[in-house]
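Student: here are the coordinates; sequence isn't available:
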């Protein structure tokens with residue numbers, strides 16, 4: 001019975017140590033980053049900005065093409 005209780009205590013200590021290691025690894029590193037997922041959000045924001053810029057560029061080029069077509073049809077070369 002004591003052996004079974006000893007294994008339970010050892011397993012509990014291992015679980016506590018693993019939880020502490022994971023916690024300090026993710027949230028208390030020396031680089032000052034408090035959230036390990038903040039970098040992913042920053043990269044996502046950057047990618048979204050690139051997509052928005054490209055869409056704006058496409059919209060501007062479509063507007064210029066429409067203006068050029070309109071000028072051509074009116075005969076103003």
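Tutor: That came through fine. Small disclaimer: the values here were computed from a predicted structure and weren't measured.
Student: give the buried residues for stretch 14-29.
Tutor: Within stretch 14-29, not a single residue qualifies as buried, counting by 16 or more other Cβ atoms under 10 Å. C-beta here means a position set from N, CA and C on the backbone, and glycine is covered the same way.
Student: need the contact list for the residue nearest to the spatial centre of the chain.
Tutor: With distances taken as Cα atoms, centre = their mean, the residue of the chain nearest its centroid is residue 40 (2.3 Å). If a contact means Cβ atoms under 8 Å, 6 or more residues apart in numbering, then residue 40 has no contacts.
Student: distance between the helix or strand where it lies and the chain's centre?
Tutor: Under the criterion of DSSP states H and E, residue 40 resides in helix 38-74. Between the centre of helix 38-74 and the centre of its chain there are 22 Å (Cα atoms, centre = their mean, to the nearest Å).
Student: quick one: buried residues of that helix?
Tutor: Quick answer for helix 38-74: no buried residues (16+ other Cβ under 10 Å).
Student: pLDDT below threshold where in the chain?
Tutor: 1-6, 28-39, 76-77 (pLDDT under 70).
Student: 90 instead?
Tutor: 1-11, 21-50, 69-77 (pLDDT under 90).
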